[in-house]
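Trainee: no FASTA, just this:
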């Protein structure tokens with residue numbers, strides 16, 4: 001009978017150990033799953049933060065480029081205005097400057113091989129057709 005009692009104790013201990021190993025394995029598995037989910041969430045959050053920073057930097061670069069392009073365009077416009085004013089003054093005023101531009105345009109189109117018809121009166125071009 002003693003042997004049966006000791007056998008039951010060994011079997012009980014074996015079952016307890018098996019249940020402990022199974023329970024410990026299950027607990028470890030669940031812990032690893034939770035840890036993995038947490039690490040995955042952190043990776044997704046870090047990627048989202050990095051993407052946000054990249055978009056912000058890109059938007060700032062576009063804004064800076066637009067500002068610089070605008071400044072360059074204003075500078076070009078200022079110099080063009082000064083150049084046009086100096087040229088108009090040198091030619092004797094805005095009317096003479098417009099006549100000069102008209103003649104240049106005719107020369108450029110004539111050099112390109114285009115046929116240009118200019119209204120004339122007595123063989124003299126009419127540059128001021130609307131004036132009386």
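Mentor: Received the coordinates, thanks. Since this is a predicted model, take the numbers as computed values, not measurements.

Trainee: Okay, helices next: where are they in the protein?
Mentor: 2-91, 94-111 (DSSP state H).

Trainee: now the angle between helix 94-111 and the first one, please.
Mentor: By that I understand helix 2-91. 110 degrees (axes from the mean of the first three to the mean of the last three CA atoms, to 10 degrees).

Trainee: quick revisit: I'd like the helices of the chain written out as a markdown table, with distance to residue 122 added.
Mentor: In this view, the C-beta of every residue, glycine as well, is placed from N, C-alpha and C. Listed next are the helices of the chain as a markdown table, based on distance: least, CB to CB, whole Å:
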| stretch | distance to residue 122 |
| --- | --- |
| helix 2-91 | 25 |
| helix 94-111 | 19 |
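
Trainee: Looking at those helices, which one is packed in the most?
Mentor: Most buried of those, by mean neighbour count (mean count of other CB atoms under 10 Å): helix 94-111, with a mean of 13.

Trainee: packing partners for that helix?
Mentor: Applying 3 or more CB pairs under 8 Å, 6 or more residues apart in numbering; DSSP states H and E, one finds that helix 94-111 contacts helix 2-91.

Trainee: packing partners for the helix it packs on?
Mentor: Judged by 3+ CB pairs under 8 Å, 6+ apart, helix 2-91 is in contact with helix 94-111.

Trainee: thinking again about what came up before, output the helices of the chain as JSON lines; include the columns mean pLDDT and distance to residue 118.
Mentor: Formatted as JSON lines, the helices of the chain follow (pLDDT from 0 to 100; distance: least, CB to CB, whole Å):
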{"stretch": "helix 2-91", "mean pLDDT": "91", "distance to residue 118": "20"}
{"stretch": "helix 94-111", "mean pLDDT": "82", "distance to residue 118": "7"}
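
Trainee: Among these, which comes closest to residue 120?
Mentor: Residue 120 sits nearest to helix 94-111 of all the helices of the chain, at 12.9 Å, using CB to CB.

Trainee: From the chain's centroid, how far away is that closest one?
Mentor: In terms of CA atoms, centre = their mean, to the nearest Å, the centre of helix 94-111 is found 42 Å from the chain centre.
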